[in-house]
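Participant: Show me the folded form of this:
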Amino acid sequence: MPTKKTIDGQSVAETEGNIKNLSRRNFLGYIGGASALLITAAACKKDDNSSNSGVNLGSGDPGILNYAYALEQIEAAFYTKVFESPFSGITASESALLGDIRDHEVAHREFFKAALAGGAIPALELDFASINFGSRDSVLATAKAFEDLGVSAYNGAGKLITSPDYLLLAGKIVSVEARHAAYIRDLIAPGTFADGLDANGLDMSRSPSEVFAIAGTYVKTKLNISNLPTT
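Facilitator: The predicted model follows:
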């Protein structure tokens with residue numbers, strides 16, 4: 001009788017069930033069997049997660065998945081922090097919808113963590129000291145920066161992914177990140193939800209090095225992205 005795969009003592013099915021429960025709208029319901037594919041990739045190719053130059057994200061598709069996992073850690077931690085002490089004057093509508101975004105980001109993070117299993121990088125040490133979480137302007141400006149950065153990161157990673165299944169997964173997640181970005185923009189200035197596009201009506205694309213040059217402001221853990229694909 002085959003041995004069931006487990007993650008932290010839970011079966012894969014149990015872990016996926018717990019992840020789905022994180023979102024009010026069962027966000028991960030649309031991902032289907034992608035977690036099984038990612039677990040297979042992590043088992044087939046695992047890079048050393050430590051080096052003298054920092055935590056190694058790895059190479060190939062697993063490295064890109066760890067790259068996405070790192071970004072989702074940052075976003076999930078930020079929105080979790082927002083709700084530890086909500087900014088002054090937050091409305092019921094803002095609280096509900098920002099809570100949905102938090103749940104999505106936590107679901108993204110936990111999905112990648114479970115799917116990568118032993119190939120996942122460790123939890124990052126983050127520093128949000130530069131953000132005034134009591135100020136609506138500060139929180140929303142940071143949320144806008146994170147969501148725009150996330151969209152550009154997934155767009156830039158698309159050409160680096162070799163598996164069609166992973167590319168499909170990235171496309172599903174970036175579309176959700178874009179919804180977040182549009183909502184945050186409209187909170188800051190009503191009617192601006194579609195701003196920030198180029199002359200062709202397209203969102204920006206950034207490479208991993210460009211993304212971490214920005215996100216690194218909030219990451220205390222030293223990361224090694226030198227093995228990530230570049231073409």
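
Participant: Next, Ala182: phi, psi?
Facilitator: Dihedral pair for Ala182: phi -70, psi -40, per degrees, to the nearest 10.

Participant: distance of it from Ala153?
Facilitator: Counting by Cβ to Cβ, to the nearest Å, the gap from Ala182 to Ala153 is 17 Å. The C-beta positions use only the backbone N, C-alpha and C, and glycine is treated the same way.

Participant: residue ranges of the strands in this protein, please?
Facilitator: 6-7, 10-11, 55-56, 223-224 (DSSP state E).

Participant: Enumerate every residue touching the residue nearest to the spatial centre of the chain.
Facilitator: Central residue of the chain (Cα atoms, centre = their mean): Glu72, 2.3 Å from the mean position. Neighbouring residues of Glu72 by Cβ atoms under 8 Å, 6 or more residues apart in numbering: 105, 108-109, 112.

Participant: just to revisit the earlier point, among the strands of the chain, show the one with the smallest mean pLDDT.
Facilitator: Mean pLDDT per stretch puts strand 6-7 lowest among the strands of the chain, at a mean of 36.

Participant: Contacts only, for the closest residue to Val139 other than its chain neighbours.
Facilitator: Nearest non-adjacent residue to Val139, counting by Cβ to Cβ, 6 or more residues apart in numbering: Phe87, 5.0 Å away. Shown in contact with Phe87 (Cβ under 8 Å, 6+ apart): 133-136, 138-139.

Participant: what do you get for Ser152?
Facilitator: Listed by Cβ under 8 Å, 6+ apart, the contact partners of Ser152 are 203-206, 210-211.

Participant: Quick one: low-confidence residue ranges for this protein.
Facilitator: For the chain, applying pLDDT under 70 flags the ranges 1-52.

Participant: Spell out the residue ranges of the helices in the protein.
Facilitator: Using DSSP state H, the helices of the chain run over residues 12-20, 34-44, 60-84, 92-116, 136-157, 164-188, 208-215.

Participant: Indicate which one of those is closest to Glu125.
Facilitator: Glu125 lies closest, by Cβ to Cβ, to one member of those: helix 60-84, at 10.0 Å.

Participant: how far out from the middle of the chain is the closest one?
Facilitator: Its chain's average C-alpha position is 4 Å from that of helix 60-84, according to Cα atoms, centre = their mean, to the nearest Å.

Participant: Which parts of it count as buried, going by neighbours?
Facilitator: Using 16 or more other Cβ atoms under 10 Å as the test for burial, helix 60-84 gives 60-79, 81-82.

Participant: can you state the direction angle for that helix and helix 164-188?
Facilitator: 30 degrees (axes from the mean of the first three to the mean of the last three Cα atoms, to 10 degrees).

Participant: relative to helix 92-116, how tilted is helix 60-84?
Facilitator: With the same axes, to 10 degrees defining the directions, helix 60-84 sits at 150 degrees from helix 92-116.

Participant: Now do helix 60-84 and helix 136-157, the angle between them.
Facilitator: Using the same axes, to 10 degrees: helix 60-84 against helix 136-157 is 170 degrees.

Participant: what's the nearest residue to Lys220 if we skip its chain neighbours?
Facilitator: Excluding the flanking residues, the one nearest Lys220 by Cβ to Cβ, 6+ apart is Glu125, at 4.2 Å.
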